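Enquirer: sequence first, predicted model second:
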Amino acid sequence: MRQVASLFAFLVAAVSANQRPNLIFILADDYGFHDIGYHDSEIDTPNLDRLASEGVKLENYYVQPICTPTRSQLLSGRYQIHTGLQCGIIKPAQPNGIPLDDVLLPEKLKEAGYSTHAIGKWHVGFYKPEYLPTRRGFDSYYGYLTGSEDYITHLRGPGEYGHWKATGNWTGVDFHRNEEVTRNESGYYSTHLFTKEVVSIIQSHDAAKGPFFVYLPYQAVHAPLEVPESYVVPYMHIQDKKRRMYAGMVSAMDEGVGNITKALTSKGFSNNTLIVFSTDNGGQVYEGGNNWPLRGWKGSLWEGGMKGIGFVHGSIIKKTKRISQELIHVTDWFPTLVHLAGGNVSGLTLDGYNQWDTISNGAPSPRTEILHEIRPVYNNTYESFSYRAGIRIGDWKLIVGDPGNSSWVPPPGMSCPAGESCMGNVTTGTWLFNVTDDPEERKDLKGAFPEKVKELLDRIEYYNRTAVPPRYPDPDPMACPQLHGGAWVPWQKE
């Protein structure tokens with residue numbers, strides 16, 4: 001009888017494992033709020049539009065203003081003030097990363113029986129081998145470790161590294177398969193390479209061995225503006241060259257998403273796969289992106305810097321073909337996806353909430369507030385700092401300090417509406433908005449609601465008391481690729 005019971009338990013577990021959804025998380029880089037078809041963009045995104053229209057569009061969804069903070073919060077489920085990464089992006093030569101004592105999303109999914117794969121941009125630390133994706137929960141990795149590179153040569157150049165300027169030749173290849181540098185991809189466009197890798201994983205996956213998790217942080221559509229000419233041809237009517245190139249890059253990414261969904265269908269996985277699509281921050285208007293009609297852009301605490309494109313698609317969603325206005329933040333994906341995987345987050349201290357009931361059934365969001373940021377702002381000598389901060393509670397949003405670029409930027413070829421200003425030249429200060437009534441942040445209400453300003457300031461101070469010391473180490477000259485065979489690789493020993 002004991003053997004029969006054991007066999008029954010095994011079969012139940014196997015069936016349960018097979019019923020759990022495959023998970024694909026697609027993260028676009030520097031993708032502007034206005035740059036998807038269903039936000040009335042001039043850029044065609046038929047595949048993204050179809051997935052979004054069949055699923056749930058998240059129209060009250062927030063990410064972070066720049067790359068590393070969003071990625072670290074997605075993977076850890078924690079605000080960056082709780083991981084020490086509140087100073088901004090990790091520069092290539094900085095010995096920094098998500099702390100090793102933070103459990104990452106792929107680790108919990110792997111623990112729940114998923115095969116786990118990362119394809120694309122890492123950008124959350126690699127200075128020691130133990131910070132590599134394959135040491136942080138991923139079974140396989142294919143992509144680049146720094147924050148940007150050439151799409152075709154896959155070389156990362158020198159540039160600025162924090163407040164220290166690199167000297168000498170700091171150009172090196174940054175492309176890796178698992179823990180090895182690969183130099184075979186030069187001449188091939190990264191969007192195509194990453195899509196092809198995901199399709200290969202789908203085609204080779206054995207469903208009998210359990211579900212898979214694919215994390216696909218595309219390089220697209222971050223600068224440099226590079227794309228095969230065929231993708232630009234449909235946009236020759238766009239006069240602005242950067243916008244035209246950017247549009248072609250979006251189309252290449254959209255095509256890639258379409259190829260992935262075709263692979264799911266041909267393999268028979270389309271009915272048991274959940275796809276989440278997100279941007280990592282607002283679009284960079286200097287490099288073709290656009291966030292109209294929102295204020296600001298990448299790097300700012302205005303809505304244009306952090307209100308993200310987001311949607312969820314999958315047959316396991318109970319109420320589909322709808323728009324959700326419920327408050328959701330990038331940290332929420334950690335507990336939400338672990339819940340869907342049949343795992344648990346007990347014992348972990350997370351800032352995210354399980355949003356599955358909200359996404360699937362349209363239930364009210366368990367989240368009532370978002371700490372957008374508490375970021376140290378150093379003086380020119382890097383010896384002292386104040387901070388800038390942003391917080392959202394209910395309908396109210398408070399910004400303190402330097403909010404970053406603050407104009408409203410119409411798409412190229414479009415003028416600011418009559419009677420409205422597009423200039424927003426501001427410096428350090430305090431602003432209060434009801435972003436439900438005023439999503440474009442045109443009416444500062446701090447003078448009319450001083451008690452609300454105090455309430456939100458008090459809440460920022462509460463969060464600040466929970467912050468761990470920020471880590472923003474000086475760049476390490478030993479990171480130079482020329483010391484490591486001309487490649488960006490971990491440069492410190494384990």
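Expert: Good, I have the coordinates.
Enquirer: what pairs with the strand or helix carrying Leu371, parallel or antiparallel?
Expert: Counting by DSSP states H and E, the element that carries Leu371 is strand 369-378. Strand 369-378 has the following strand partners under DSSP bridges: strand 385-393 (antiparallel).
Enquirer: for the partner strand, give the mean pLDDT please.
Expert: Confidence over strand 385-393 (mean pLDDT, whole number) is 87.
Enquirer: strands paired with the helix or strand following it, and their directions?
Expert: The helix or strand immediately downstream of strand 385-393 is strand 396-401, counting by DSSP H and E. On the basis of DSSP bridges, the sheet neighbours of strand 396-401 come out as strand 385-393 (antiparallel), strand 429-434 (antiparallel).
Enquirer: dump those to a markdown table, plus mean neighbour count and distance to Lys241.
Expert: C-betas here are computed from N, CA, C, even on glycine. As requested, the strands paired with strand 396-401 are exported to a markdown table (neighbours: other CB atoms under 10 Å; distance: least, CB to CB, whole Å):
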| stretch | mean neighbour count | distance to Lys241 |
| --- | --- | --- |
| strand 385-393 | 20 | 33 |
| strand 429-434 | 18 | 34 |
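Enquirer: dump the ones you listed to CSV, plus distance to Ile460.
Expert: CSV is the format used below for the strands paired with strand 396-401 (distance: least, CB to CB, whole Å):
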stretch, distance to Ile460
strand 385-393, 5
strand 429-434, 11
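Enquirer: can you dump the C-alpha coordinates of the strand holding Leu371 into CSV?
Expert: Extracted as CSV, the C-alpha positions of strand 369-378 are listed here (Å, rounded to 0.1, in the frame of the first residue of the first chain):
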residue,chain,number,x,y,z
GLU,A,369,1.9,52.7,-2.9
ILE,A,370,5.2,52.6,-4.8
LEU,A,371,8.5,54.0,-3.6
HIS,A,372,9.8,55.2,-7.0
GLU,A,373,13.2,56.1,-5.7
ILE,A,374,15.4,57.4,-3.0
ARG,A,375,18.6,58.1,-4.8
PRO,A,376,21.8,59.7,-3.3
VAL,A,377,22.9,62.7,-5.3
TYR,A,378,26.6,63.3,-4.9
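Enquirer: not counting it itself, show me its contacts.
Expert: 62, 64-65, 69, 79-81, 86-88, 163, 301, 306, 327, 329, 351, 384-394, 397, 401-402, 459-460, 463-464, 467, 470, 472 (CB atoms under 8 Å, 6 or more residues apart in numbering).
Enquirer: cool, and stretch 426-441?
Expert: Contacts for stretch 426-441 (CB under 8 Å, 6+ apart): 293-296, 302-303, 307, 388, 392, 395-403, 406, 408, 443-446, 449, 452-453, 456.
Enquirer: if we go to 6 Å?
Expert: Where contact means CB atoms under 6 Å, 6 or more residues apart in numbering, the residues beyond stretch 426-441 that reach it are 293, 295, 302-303, 395, 397-402, 406, 444-446, 453.
Enquirer: same deal with stretch 213-225?
Expert: 23-31, 109, 114, 116-121, 148, 190-191, 198, 242, 245-246, 249-250, 253, 287.
Enquirer: from these, which ones fall inside helices?
Expert: Applying DSSP state H to the contacts of stretch 213-225, the entries found in helices are 109, 190-191, 198, 242, 245-246, 249-250, 253.
Enquirer: just give me the closest of the residues you listed to Asp40.
Expert: For those, the residue nearest Asp40 by CB to CB is Val250; the value is 14.4 Å.
Enquirer: filter the contacts of stretch 426-441 to the buried ones?
Expert: Buried subset of the contacts of stretch 426-441 (neighbour count, 16 or more other CB atoms under 10 Å): 293, 295, 302-303, 397-402, 406, 445-446, 453.
Enquirer: okay, the most centrally placed residue in the chain: pLDDT?
Expert: Closest to where the C-alpha atoms of the chain average out (CA atoms, centre = their mean) is Asp280, at 3.1 Å. We note a pLDDT of 98 for Asp280 in this prediction.
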